[in-house]
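In: this one's sequence-less:
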């Protein structure tokens, strides 16, 4: 295995000079730099990143902590996050928490030990107190009480937009359909936007929510169909809930979009071959991913940020369900 | 920042003793071990993994090199790979190559510099010559010429099974539909199994293939519909191709499964709410993921493996298209 000493010997310089060339630190004469670079090339020498990290006491590794990569929204997010990191030579470490608080804590400990350069986290549990102050962190979708930077889609405007689109499609009594988490989540603003816009337009509306997670789907929908037989529009808090509703409504003899217009939230479908193609509020996944990483870089460099929450505009995507 | 010296001082032992406790190396008296562990807890000391890696000259990081995490088959695979790695305290580094050879080479170089403990690779390009001999590697779906361990689903049996299921559903003239890559791929065995089983059963069949990647979908399907108006069964090499075929067939007035029975390969659908629900040969994703990592561990430990290719049994999953 080629060592830094071999490079120094071939280039006819000191080891410290080779080190300065590799790390781009300190002054090196152009002619000396060229000699070192040629020696590196000739010997096919790869500087050892592990050793370098040791000296610099940090790694070029960023951790992505999320419930599960096996979820189309998260895997699209991970794709763009890795792409953005790679442009600056950072690597992505993937951590699936399964949404379990104890697994999230375990990972946060592990990440502290491994001195990652930063963390991008999508957590839905109350783990505030365990978040270390020494590691820069950016959260997606989720507020922490500590001053942690958060990037989300503009959930409030998304809720307003969904209500307007339902009304535009002919709905006169739309319902908001969701679940309530114990900890505040940015996604709650979807309901708030829906309500505010309905009030502004003077539209009669329904709010239907149960505690999260919904364990018994059947009971959840039975109660909805039984209590609100007269609704003619549904804004579901996620695409998966919208698709679930449509499946059950169809079995009840309710036609979508003829009887009930349906709008979801996320925009996870990327294939035109599977139906129903949902009308939905599309999360700006790529922009959210790239923004998170750029904010993380700012925090690594100690730049103080102007805002705590960064909201990225959303768009309505017309499908077959409105 | 707490150091190992602080721990040694509080426990009243030498630094070397603390190190032996942390690394579980060498004999330490139980009472001494307890003192050290109490000191570690009291001081909230985290041994520095970066420093430890430096001494051991290796990291507990495994890289997953794949075309794109933004693909349901790969993201499910990544989920189980990370889960299996975590059980032994290994971390997963995610590398999206975009399927581009130059990006794959770039990552292989990067991984060599970073001294990862191993690589799990899903590559479809001819990068054999660049694969380093020093890093243990396990490939999924893909043979390398060099003796690299490969884990795949049993593509050959999958092809046979698909043919049998099409015939069982009533097809008398089934077609295999796919694309041909320039490099040998394990997925080619799907066609071989299909042909062999058709020969055994004395069934008339059609093979329809074009060079990979298929750039012009429209031309691909126009030629198929024009050339083979009489086929009544399709085994598509992937679920996405099956779904694409069904969409276009429907627009031509062909009913699935009444006129043509269709079977895909992968089993990527995990939601019962989107249609058509494909009849498909389901890849044993979880088993493939866990097997890859267990084989990687064996290679890290220098155990010589009995086989070069490990084929995991597949299953037929009944959907709405046969």
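Out: Perfect, I can see it now. Because the structure is a prediction, the values reported are computed rather than measured.

In: Quick check: residues of the stretch 51-200 of chain A near chain B?
Out: Residues of the stretch 51-200 of chain A lying close to chain B (CB under 8 Å from any CB of the partner chain) are A:51, A:53-54, A:57-59, A:61, A:64, A:68-72, A:74-76, A:78-79, A:82-83, A:91-96, A:109-110, A:112-115. The C-beta positions use only the backbone N, C-alpha and C, and glycine is treated the same way.

In: Can I get the buried part of those as one PyMOL selection?
Out: In PyMOL syntax, the buried subset of those is picked out as below (16 or more other CB atoms under 10 Å in any protein chain shown):
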select buried, chain A and resi 53+54+58+59+61+64+68+69+70+71+72+74+75+76+78+79+82+83+91+92+93+94+95+96+110+112+114+115
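
In: from the residues of the stretch 51-200 of chain A next to chain B, which ones fall inside strands?
Out: A:61, A:64, A:91, A:92, A:93, A:94, A:95, A:96 (DSSP state E).

In: and the residues you listed as CSV, adding pLDDT?
Out: As requested, those are exported to CSV (pLDDT from 0 to 100):
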residue, pLDDT
A:61, 90
A:64, 95
A:91, 92
A:92, 94
A:93, 93
A:94, 94
A:95, 94
A:96, 92
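
In: roughly how far is stretch A:214-230 from the heart of the chain?
Out: Between the mean C-alpha location of stretch A:214-230 and the chain-wide mean there is a distance of 30 Å, by CA atoms, centre = their mean, to the nearest Å.

In: tell me the mean pLDDT over stretch A:180-192?
Out: The pLDDT scores in stretch A:180-192 average 86.

In: Please pull out the lowest mean pLDDT helix or strand from chain A.
Out: Using mean pLDDT, DSSP states H and E, the weakest-scoring helix or strand in chain A turns out to be helix A:49-56, at a mean of 50.

In: about what we covered before: now the ones in strands among the residues of the stretch 51-200 of chain A next to chain B as TSV including distance to residue B:104?
Out: Listed next are these as TSV, based on distance: CB to CB, whole Å:
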residue	distance to residue B:104
A:61	20
A:64	21
A:91	15
A:92	16
A:93	20
A:94	19
A:95	24
A:96	24
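
In: Which single one of those is nearest to residue A:161?
Out: Of all those, residue A:64 has the smallest distance to residue A:161: 28.6 Å, by CB to CB.

In: can you pull up the bridge partners for the residue nearest to the closest one when sequence neighbours are not counted?
Out: The spatial neighbour of residue A:64 that comes closest, neighbours along the chain excluded (CB to CB, 6 or more residues apart in numbering or on different chains), is residue A:120 at 5.1 Å. For residue A:120, the beta-bridge partners are residue A:64, residue A:138 (DSSP bridges).

In: tally of neighbours for residue A:120?
Out: As a burial measure, residue A:120 scores 25 neighbours (other CB atoms under 10 Å in any protein chain shown).

In: That one and residue A:190, how far apart?
Out: Note on residue A:120: its distance to residue A:190, by CB to CB, to the nearest Å, is 22 Å.

In: Which residue comes closest to the residue nearest the centre of chain A once chain neighbours are left out?
Out: By CA atoms, centre = their mean, chain A has its centre lying nearest to residue A:140, at 4.7 Å. Leaving aside its chain neighbours, residue A:140 sits nearest to residue A:122 (4.8 Å; criterion: CB to CB, 6+ apart).

In: how close does the one you found get to residue B:219?
Out: 42 Å.

In: More neighbours: which of these two?
Out: Between residue A:122 and residue B:219, residue A:122 has the larger neighbour count (other CB under 10 Å), namely 21 against 11.

In: Is that one in contact with residue A:139, as I believe?
Out: Yes - the criterion here is CB atoms under 8 Å, and residue A:122 meets it with residue A:139 at 7.3 Å.

In: The residue nearest to residue A:232 when sequence neighbours are not counted: what secondary structure?
Out: Of all residues not flanking residue A:232 in the chain, residue A:171 sits nearest, at 5.0 Å (CB to CB, 6+ apart). Classification of residue A:171 by DSSP: H, G, I helix; E, B strand; the rest coil places it in coil.

In: For residue A:171, grab the count of nearby residues.
Out: 24.

In: Contacts only, for it.
Out: A:232, A:233, A:260, A:261 (CB atoms under 8 Å, 6 or more residues apart in numbering or on different chains).

In: Out of those, give me the one that has the most neighbours.
Out: Per-residue neighbour counts (other CB under 10 Å) across the contacts of residue A:171 peak at residue A:233, which has 26 neighbours.

In: returning to that earlier point: run through the residues that contact the residue nearest to residue A:64.
Out: A:62, A:63, A:64, A:65, A:81, A:137, A:138, A:139, A:140, A:292, A:293, A:296.

In: Does the second one touch residue A:93 like I think?
Out: What that stands for is residue A:63. Yes - look at residue A:63 against residue A:93 with CB under 8 Å: they come within range, at 4.5 Å.

In: Mind listing the shared neighbours of the two?
Out: Shared contacts of residue A:63 and residue A:93 (CB under 8 Å, 6+ apart): A:111, A:116.

In: can you pull the pLDDT of residue A:235?
Out: 98.

In: how near is it to chain B?
Out: 17 Å (CB to the nearest CB, to the nearest Å).

In: just how off-centre is the helix or strand containing residue A:177 within its chain?
Out: Here residue A:177 sits within strand A:174-180, counting by DSSP states H and E. How far strand A:174-180 lies from its chain's middle: 22 Å, per CA atoms, centre = their mean.

In: Helices of the stretch 201-322 of chain A, start to end?
Out: Applying DSSP state H, counting those that start in this stretch to the stretch 201-322 of chain A gives helices spanning A:217-227, A:239-251, A:285-300.

In: Using a markdown table, please lay out those helices together with distance to chain B and mean pLDDT.
Out: Shown next, in a markdown table, are the helices of the stretch 201-322 of chain A (distance: least, CB to the nearest CB, whole Å; pLDDT from 0 to 100):
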| stretch | distance to chain B | mean pLDDT |
| --- | --- | --- |
| helix A:217-227 | 11 | 96 |
| helix A:239-251 | 4 | 96 |
| helix A:285-300 | 9 | 94 |
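
In: Out of these, which is closest to residue B:256?
Out: Of these, nearest to residue B:256 by CB to CB is helix A:239-251, at 19.3 Å.

In: picking that back up, between the helices of the stretch 201-322 of chain A, which one is closest to residue A:155.
Out: Of all the helices of the stretch 201-322 of chain A, it is helix A:285-300 that lies closest to residue A:155, at 11.7 Å by CB to CB.

In: Give me the domain ranges for chain A.
Out: Split into domains by automatic domain parsing, chain A comes to A:4-56, A:61-153+A:285-312, A:155-284.

In: want to throw those domains into a markdown table with distance to residue B:101?
Out: Shown next, in a markdown table, are the domains of chain A (distance: least, CB to CB, whole Å):
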| stretch | distance to residue B:101 |
| --- | --- |
| domain A:4-56 | 20 |
| domain A:61-153+A:285-312 | 16 |
| domain A:155-284 | 25 |
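
In: Out of those, name the one with the poorest average pLDDT.
Out: domain A:4-56 (a mean of 75).

In: do stretch A:305-322 and chain B meet?
Out: No - contact of stretch A:305-322 with chain B (CB under 8 Å from any CB) is absent, the minimum separation being 11.5 Å.

In: Identify each buried residue in that stretch, please.
Out: In stretch A:305-322, counting by 16+ other CB under 10 Å, buried: A:310, A:311, A:312, A:314, A:316, A:317, A:319, A:321, A:322.
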